[in-house]
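K.L.:
Sharing a model that was predicted from the sequence below.
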Amino acid sequence: MTIVDVRILVEGASDVEVVSKALQGLALGSEYNITISSIIPTTNLEIAKSAAAGADLLIIATDADRVGRELADRLFRELSELVGHVERMKIPLGHDLEHIDVELVRKELKNTLVRAGLKSLQLLPEYMALRNQLLDLKGKYEMLEQEKQKLESQLQEIEQNYEELRQEYQRLKDENENLKILLDKRSNLVRIEDAWKQIFPAEEVPDEEIIGEAVERLGLQGRVIVGQGYIYAEEEKLIEELLKIVYLTMTIAKPEEQEKPEEKTEESEKIEETEAFHEKIEEL
């Protein structure tokens, strides 16, 4: 069982002698499971605070006169928050051991200890209620702590999933940008008639087979696709060059009037243009 630490505060050295004499007739350890750890003779508040701090029970033993009561009241107010419990004790007037009734002091000291015990019992229901509240709050705290740890784990998982989704979004975004760049570099699929009229608005649109044959003869398979009235090329300029070659080829195939030998014929000029276009095609 835990020993109760009791300290006694008296006014002066003579009171120490009186209280010490009274304690000699008390079996405090066996009867009350307490020990008187110190008897402090002082009226100085700061000294009293330092000496009493941490005691389980502080007994303020002062004279029964007016000065003693006032001192006890002041010390009681100032020291109540520093110790577990404070109890007052009146010392009979007359500090001479030859004349003071030590048995009366011993009885008063014993009654003081009993009063302190009874007051502690009165506080016991309140203490038990507070203890139950503490246990209840402790249980709730542990539940909240477990919930907190669970939420922290979920938050960590969510943050990890978010980071994965962010990286996937960035990857798809970059991929989309790259596709956009590739699409911007490619020519749009256009109708053969529209492409032809844009270059030769006054000329008749050739058959699709003629343009397809030109693609094969020029070795442009894969780079130029012709079909269903449409033409597609990796580069927009390639469509224009191809149609110009087709036009020149069709023009050369038409019967033309013979020109003078010394003059450069229109047919020879077109052949030279065709060769030039071939060179451009090879460059592309």
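P.N.:
Yes, it's here.
K.L.:
hey, let's count contacts and neighbours off CA atoms from now on
P.N.:
Will do.
K.L.:
Without its sequence neighbours, what residue ends up closest to Leu189?
P.N.:
Counting by CA to CA, 6 or more residues apart in numbering, Tyr232 is the residue found nearest to Leu189 once chain neighbours are left out, at 5.0 Å.
K.L.:
Give me the three-state assignment for that neighbour.
P.N.:
Three-state call for Tyr232 (DSSP: H, G, I helix; E, B strand; the rest coil): strand.
K.L.:
Same check on Ala61?
P.N.:
Applying three-state DSSP: Ala61 is strand.
K.L.:
what separates the longest helix along the chain from the chain centre, distance-wise?
P.N.:
Looking across the chain with DSSP state H, the single longest helix is helix 102-185. Chain-centre distance of helix 102-185: 15 Å, with CA atoms, centre = their mean, to the nearest Å.
K.L.:
pLDDT averaged over that helix - what is it?
P.N.:
Helix 102-185 carries an average pLDDT of 81.
K.L.:
what do you get for stretch 246-261?
P.N.:
67.
K.L.:
Show me what the helix or strand following the longest helix of the chain is in contact with.
P.N.:
The helix or strand immediately downstream of helix 102-185 is strand 190-191, counting by DSSP states H and E. Residues outside strand 190-191 that contact it (CA atoms under 8 Å, 6 or more residues apart in numbering): 229-232.
K.L.:
and the helix or strand where Ala214 lies, how far from the chain's centre?
P.N.:
Assigned by DSSP H and E, Ala214 falls within helix 208-217. Centroid displacement of helix 208-217 relative to its chain, using CA atoms, centre = their mean, is 67 Å.
K.L.:
try stretch 235-253
P.N.:
67 Å.
K.L.:
Tell me which residues of that stretch come out buried.
P.N.:
238-239, 241-249, 252 (16 or more other CA atoms under 10 Å).
K.L.:
how is the protein carved up into domains?
P.N.:
4-125, 190-283 (automatic domain parsing).
K.L.:
The closest residue to Leu79 other than its chain neighbours - how many residues pack around it?
P.N.:
Leaving aside its sequence neighbours, Leu79 sits nearest to Lys49 (CA to CA, 6+ apart; 6.4 Å). For Lys49, the neighbour count with other CA atoms under 10 Å is 16.
K.L.:
And Lys49, how far from Ala253?
P.N.:
125 Å (CA to CA, to the nearest Å).
K.L.:
try Ile40
P.N.:
135 Å.
K.L.:
Over to Glu193?
P.N.:
21 Å.
K.L.:
Please apply the same query to Asn132.
P.N.:
Asn132 is 112 Å from Ala253, by CA to CA.
K.L.:
Could you do Ser14 as well?
P.N.:
146 Å.
K.L.:
swap in Trp196?
P.N.:
19 Å.
K.L.:
again, but for Arg191
P.N.:
Distance from Arg191 to Ala253, by CA to CA: 25 Å.
K.L.:
What of Asp56?
P.N.:
Counting by CA to CA, the gap from Asp56 to Ala253 is 125 Å.
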